[in-house]
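Asks: model the following, please.
(chains A and B)
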Number of protein chains: 2
Amino acid sequence: MSTSGNTRYIGRPLRRLGDDRLITGTAAFLDDIRVPGLLHLALVRSPLAHALIRDVDSATALALPGVVAVVTGRELASWVSPLSSPPELLSGRRLERYPLAVDRARFVGDPVAAVLAVDPVAAHEAAELVTVSYGELPAVVDAERAREATAPLVYPDWPDNVAFRWEVRQGDLEAMFRQADVTVSLRLVNQRIYAAFLEPRGALARPDRATGELTVWASTQAPHGLRSGLATAVGLPEHQIRVIVPEVGGAFGSKGGVYPEYVLVAALAWQLGRPVKWVETRSESLLGTVHARDQVQRVRAAFRRDGTLLGLDVQLLANLGAYNAATTALRTGLLAAGPYRVPALHVLVEGIMTNCAPLGSYRGAGRPEAAYLLERLMDAAAAELDLDPAEIRRRNLLRADEFPYRSPTGAQYDSGDYHRALDIALDRFGYVEARAAQQRARAEGRILGIGLACYCEFAGPGWESATVRVHPDGAVSVFSGITPSGQGHSTVLAQIVADVLGVDLERVRVRTGDTGAIQQGIGTFGSRSTAVGGSAAFLAAQDVLAKARQLAAHALEASPDDIELQNGAFQVRGAPDRRVTWQSVARLAHRFDGPPGGLEPGLEATRFFAPETRTVPSGVHIAMIEVDPETGEIEVLRYLAVDDCGNQVNPLLVEGQIHGAVAQGIGQALLEWVPYSESGQPLARSFLDYAVPRAAHVPDVETAHIETPSPLNPLGAKGVGEAGTTAAPPAIVNAVLDALRPLGVRHLDMPLIPERVWRAIREARSAPASA
Amino acid sequence: MSTSGNTRYIGRPLRRLGDDRLITGTAAFLDDIRVPGLLHLALVRSPLAHALIRDVDSATALALPGVVAVVTGRELASWVSPLSSPPELLSGRRLERYPLAVDRARFVGDPVAAVLAVDPVAAHEAAELVTVSYGELPAVVDAERAREATAPLVYPDWPDNVAFRWEVRQGDLEAMFRQADVTVSLRLVNQRIYAAFLEPRGALARPDRATGELTVWASTQAPHGLRSGLATAVGLPEHQIRVIVPEVGGAFGSKGGVYPEYVLVAALAWQLGRPVKWVETRSESLLGTVHARDQVQRVRAAFRRDGTLLGLDVQLLANLGAYNAATTALRTGLLAAGPYRVPALHVLVEGIMTNCAPLGSYRGAGRPEAAYLLERLMDAAAAELDLDPAEIRRRNLLRADEFPYRSPTGAQYDSGDYHRALDIALDRFGYVEARAAQQRARAEGRILGIGLACYCEFAGPGWESATVRVHPDGAVSVFSGITPSGQGHSTVLAQIVADVLGVDLERVRVRTGDTGAIQQGIGTFGSRSTAVGGSAAFLAAQDVLAKARQLAAHALEASPDDIELQNGAFQVRGAPDRRVTWQSVARLAHRFDGPPGGLEPGLEATRFFAPETRTVPSGVHIAMIEVDPETGEIEVLRYLAVDDCGNQVNPLLVEGQIHGAVAQGIGQALLEWVPYSESGQPLARSFLDYAVPRAAHVPDVETAHIETPSPLNPLGAKGVGEAGTTAAPPAIVNAVLDALRPLGVRHLDMPLIPERVWRAIREARSAPASA
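Replies: From the prediction side, this is the model:
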């Protein structure tokens, strides 16, 4: 990366700018936004997983003081357009969702009616008083069951519940299985979980009939996409809607979509000409926020005796829930070969509609499911072949000289050095000593386990934009399409732009999350913000620098080629006394009569950066755990993460990303789950039921890094947000199974809650000795 | 101008977009902005024209309930920077203004202390209770007196009261005077007037300590310039200040500067961490808003008997008041030759500091003063030479083949056809018949007069910017640095962009007046908005169109050169069935993986347009008036305006500009004046004293146009906002003198209030018959 020789900030572990306002409590989140004349929205949600909506009686609710309106799905459908199906659907199948269910509710929590009142208490009370008469229908909540011919149909006009199917074949798989010394089969359940962000979802819409504009404040990670969705639903052109994103208290992919509640807020505000606000309760959040993962994975693999993987057959069923047909499982399919060489491969991915809450993205979004299946497979094969888990991985990992690499799934890998990462991980962890310590502990009756996870994943998809503007006083503004929810992107962008322009970091301010102020953008998800958003800012800053150089050349009567940027000023090469400051150049650019030399006025540039394809970060994580055989409780004793996210702009923020995601990965491995009863009742409806990791669950995470720069963008960055949630679940589960294997436990599904572990130990102990 | 062959909107007299919100009262002006926790600012203003400030006692004021703070100039000066002098000052003279006077008040109304209270009533009451102890100093309010060596000094460290001096000499003036058949001398007073906008000045500043940003809503015509000024004063970098301009109820040039009251609002809000608001009363407005014109003009001209102007000697004294050193009089100097051929010229302009309110810009800003002196001169010479006023002008007007033309003042004239405008004016007015009618009326004892004014003026200075953004749904946003105050610029910009892009006008929305949302810009003044701002929008739209063409070419698999824009869609030349809509192209530009062909994503462009020099609109106005000899009252019987503002984007808005400015020009000619007593008391302190024209004063204005396109910008536009205030005063005054000349009245200064006219008639009648 070229920053005119200035790298005062890039690569330095700087603290985040703007954290003072989070620490002092002065930051404004969605619920802090106040506008006069506000109406509060509360929802009547279906208590049944599948039911016809026969009648909605709102008379009692409307009689409550302060209640302004009760709106049903059928009423709303007459003037709000549904959000339509993704293009991946099997042909002939349509999937349209109205913000309130019309005639049929499809999951417990499906919004059926909306209540507006002058205060939130009245709104919620009134919602309780709305009487909906339902005709209950058979529900299906299990993807394998839903795929059966006899299953109830979530969409009665479909022939079955299959929303999409994706398949890839490479190499002669059956030949490989014939050659194989050992075959391993697994059925893995990657359970349904939920992004337990601190700040629940919420939106506030304020119509301005005078200007014809609708301003929507929303806790979202993709304001431009939300605007597009709202524009379609409400029937306004996009330039009449402005989406503003206040401080966001966590999003993790689950605040990326166009939620029906957000559409309701916008549509009702526009219709009534009054501002409308909705902020979810935590139990609503568990019902209405997209859930994630929920794959049943059937894996069959062929190995040679030396551990070489010959062929892999993967069949994935994704439980899509009722509406979204989320395509995250396609990403699992594309990553099915992971960091390994797979001579022959077959992958089949099917997305299945059920009467669960809609599936969506949550940190990793398809990547953790891929790493989990491969890493569980590697450990199972290692056990079968009596190889060390590190060794079997080493035999199959791609070599550094194989990049750029095309996976048999068709995915393109940009760069990496998987063997080096493994070597560093084993070395840093003291793997050999750890194994010895494990043996010693066993001898003392303690049940310790060590788990490895190698992974590679996708990051940085799509394009992103940036505007860099130098003001007449030399101060710099950066406008970015990325939309942080706590990651510290503003600091990263400021570092990049300050280095390119050679100005002090304090002179750069970053603005995000406002479609009224920012050029078209996409937003933050898929670990894209630095690699794509940062690169756009880098290019825009370079354009600005080139213009500044021309201006300086005029001011100094030299050729632009002879102008050097040194210590925040422009000077003529070899004549350091011929200097002009950034501020003078900025003033020149904005001179009333135009800059000298007929140059176009202004000192700003907008660039859009679209990488050729996604980057592929990678890494190796190792966990050591201890099982309490009396309670089944797991303690994570050590955790090491060695990651390659390409070049790092801010290692402190990289560290933060790893720590947070490992914590969430531990959450999936050990604690988190939204189970459904057979009739479709979600069984985790508050933080009493949905257990997230607490400080005691998370060890000090040790980290190390390698940096194989990505050739796909000028920063050489890859992305790091999802490494932890991808690697931690298999590392932890492998460690637990490593601990329990001597006891005869060969398989467990997440989450490894104490009861489950305790039962497995008890069952294994009571099983015949051959197990 | 090239708009891809689409001119559905440019040139059409469309009604203004957005007028519904003005008509229905839903538009938000500054005083409609409400934020919680607001403090209201009231000012203690000097009652003396010149005084030392000895002591400020705020104890009683502070004791009033609701009063939060009283701040003096000396306190403020410790943390607010003064706004400094313009570069035109004579060397060694500095002019710095603090928002509150420090130690010395220099005019009646000079802000001396600021009071903040929780409501405006308490603030104003408390301001009355602040006791300031003054030491009165001798004041000077007359520019001629102030220039004398014995005059009191407004700035005691200056050697005299002269702020700037500008002089130009061209040709051998004395030789011309020697050759002259006739010499004419005039001393003209162009009186001090005030821009009586409907909405007074006001500002509201809200600090956000969390983000470190200061948002300022202000009734202004130049938000970016205001931001620069506030940044300097408050000591913040520009990117920490956001200036938002609500609907503005008239500005007329007088809301362009950085007012001390606006600085106070920003500085006190930032210092106290609370929002602060100030809205002036009408009497404050008359004290604190800049005044305008106020020139004493000494003119001496040499003519040949046939009416040919041989030489011109102009000496201008501008009464600058106490602080600004406004350079509007330099514009008068540059226009001293006006539309006429002047073989020899001498112009001397001096700006004089006095103890009046600061001088500044008001519609015309230097141009009306130039037209007034030349047109009064032409009529005086015509009378002297016994030529028809039309004839003497015809003999001296520049010919169409002389453009581009360099005036002896150094000013460059772009294009024009002054003779044609005169011919059309005389023809449309029925000049010959009107003269005959005048004779008939005189025979009946009625006193009618006909007055002509030929003018040329400057328009479209400086650069301006625009961003044109096509959203993914094909809707178009235009962001412009121009900042309307009621002119209808949004309609004009939408017409231009809709035509360039070939889309429906309704698909284009224009946003102005928000430094947080808009690229760097300048603002609206000097009739620059269409010629400069419109041209920037035109160029940006052309860039967007070029990009769209490339995208369409990819979509249609054709060469960009073969793509035509037809009826809102792109098609392959000669193959009209190969079409792609704007919306599809917009979607393609924002496709998640980037557009085809490796094109950069996005469909937006920012352009800055800087014309080589100013445009020179011109025209001929003719008025017919009747004088009531018993009362001295003037009735404007007819008014014809023939103007050349280059190409017209919206003739209806051009019409509106002419009508409004003629009304204001009639106001200066007949009614408006801020006189000062010798001790420096302004004598017009409310609309009881300051008379603005009412409907009865303004006739139906007849209009006609010629269009000589300006070669300086792609629209060929020149600007029209100031034509009326420039031409109307001399046309009206010439008509009145034309009416009164047979009675022996040879000179009158504006405003021609009935008393003055009546006295002149009486004096002329009682004077010896030779007069």
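Asks: got the residues of the stretch 1-150 of chain A near chain B?
Replies: By C-beta under 8 Å from any C-beta of the partner chain, the part of the stretch 1-150 of chain A that sits against chain B consists of A:18, A:21, A:24, A:26-28, A:34, A:36. No exception for glycine: its C-beta is placed from N, CA and C like everyone else's.
Asks: need the nearest residue in space to residue A:373, chain neighbours excluded.
Replies: Nearest non-adjacent residue to residue A:373, counting by C-beta to C-beta, 6 or more residues apart in numbering or on different chains: residue A:297, 4.7 Å away.
Asks: just grab the bridge partners of that neighbour for me.
Replies: residue A:188, residue A:316 (DSSP bridges).
Asks: surely it touches residue A:314?
Replies: Yes: using C-beta atoms under 8 Å, residue A:297 makes contact with residue A:314 at a distance of 6.9 Å.
Asks: re earlier: pLDDT and secondary structure added to the residues of the stretch 1-150 of chain A next to chain B, as a markdown table?
Replies: Below are those laid out as a markdown table (pLDDT from 0 to 100; DSSP: H, G, I helix; E, B strand; the rest coil):
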| residue | pLDDT | secondary structure |
| --- | --- | --- |
| A:18 | 86 | coil |
| A:21 | 88 | helix |
| A:24 | 90 | coil |
| A:26 | 88 | coil |
| A:27 | 89 | coil |
| A:28 | 92 | coil |
| A:34 | 87 | coil |
| A:36 | 89 | coil |
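Asks: just after the one helix or strand in chain A whose mean pLDDT sits lowest, pick out the following helix or strand.
Replies: Lowest by mean pLDDT, DSSP states H and E among the helices and strands of chain A is helix A:19-23, with a mean of 89. With elements assigned by DSSP states H and E, the helix or strand that comes after helix A:19-23 is strand A:39-45.
Asks: let me see the mean pLDDT of stretch A:622-639.
Replies: What stretch A:622-639 shows for mean pLDDT is 97.
Asks: distance from that stretch to the middle of the chain?
Replies: 27 Å (C-alpha atoms, centre = their mean, to the nearest Å).
Asks: before we move on, the earlier item: buried residues of the least confident helix or strand of chain A, list them for me.
Replies: Neighbour counts over helix A:19-23 (16 or more other C-beta atoms under 10 Å in any protein chain shown) mark residue A:21 as buried.
Asks: can you tell if stretch A:270-289 touches chain B?
Replies: No: under the criterion of C-beta under 8 Å from any C-beta, chain B is not reached by stretch A:270-289; the shortest gap measures 10.4 Å.
Asks: and stretch A:521-532, by the same measure?
Replies: Yes: using C-beta under 8 Å from any C-beta, stretch A:521-532 comes into contact with chain B via residue A:522.
Asks: and for the closest residue to residue A:302 other than its chain neighbours, the neighbour number?
Replies: Leaving aside its chain neighbours, residue A:302 sits nearest to residue A:180 (3.4 Å; criterion: C-beta to C-beta, 6+ apart). Counted with other C-beta atoms under 10 Å in any protein chain shown, residues neighbouring residue A:180 total 18.
Asks: verify the stated contact: residue A:180 with residue A:306.
Replies: No: if you go by C-beta under 8 Å, residue A:180 and residue A:306 don't touch, sitting 11.9 Å apart.
Asks: contact residues of the stretch 351-500 of chain A facing chain B?
Replies: Residues of the stretch 351-500 of chain A lying near chain B by C-beta under 8 Å from any C-beta: A:461-463, A:465, A:469, A:471-477.
Asks: so what sits against both of residue A:297 and residue A:314?
Replies: With contacts defined as C-beta atoms under 8 Å, 6 or more residues apart in numbering or on different chains, the residues shared by residue A:297 and residue A:314 are residue A:373.
Asks: for residue A:157, see how far away the residue nearest to residue A:302 is.
Replies: Distance of residue A:180 to residue A:157, given as C-beta to C-beta, to the nearest Å: 44 Å.
Asks: which residues touch residue A:671?
Replies: A:691-693, A:697, A:751, A:753.
Asks: nearest to residue B:239 among those residues?
Replies: Nearest to residue B:239 out of the contacts of residue A:671 is residue A:692 (C-beta to C-beta; 38.6 Å).
Asks: dump the residue contacts of the closest one.
Replies: Counted by C-beta under 8 Å, 6+ apart, residue A:692 has contacts A:196, A:667, A:671-672.
Asks: any part of the longest helix along chain A near chain B?
Replies: Longest helix in chain A, counting residues (DSSP state H): helix A:535-556. No: on the criterion C-beta under 8 Å from any C-beta, helix A:535-556 is out of touch with chain B, staying 9.3 Å away.
Asks: listing partners with orientation, what would you give for the next helix or strand after that helix?
Replies: Sequence order places strand A:563-566 as the next helix or strand after helix A:535-556, per DSSP H and E. Strand pairing for strand A:563-566, determined by DSSP bridges: strand A:569-572 (antiparallel).
Asks: which residues sit against the partner strand?
Replies: A:548-549, A:552, A:555-556, A:558, A:562-564, A:577-582, A:585.
Asks: tell me the first helix or strand C-terminal of that strand.
Replies: Going down the chain from strand A:569-572, the next helix or strand is strand A:575-581, by DSSP H and E.
Asks: give the buried residues for that next one.
Replies: Buried residues in strand A:575-581 (16+ other C-beta under 10 Å): A:578-580.
Asks: residue A:532 touches residue A:460, doesn't it?
Replies: Yes: counting by C-beta under 8 Å, residue A:532 does reach residue A:460; the two are 5.0 Å apart.
Asks: where does the stretch 151-300 of chain A dip in pLDDT?
Replies: For the stretch 151-300 of chain A, no stretch has pLDDT under 70.
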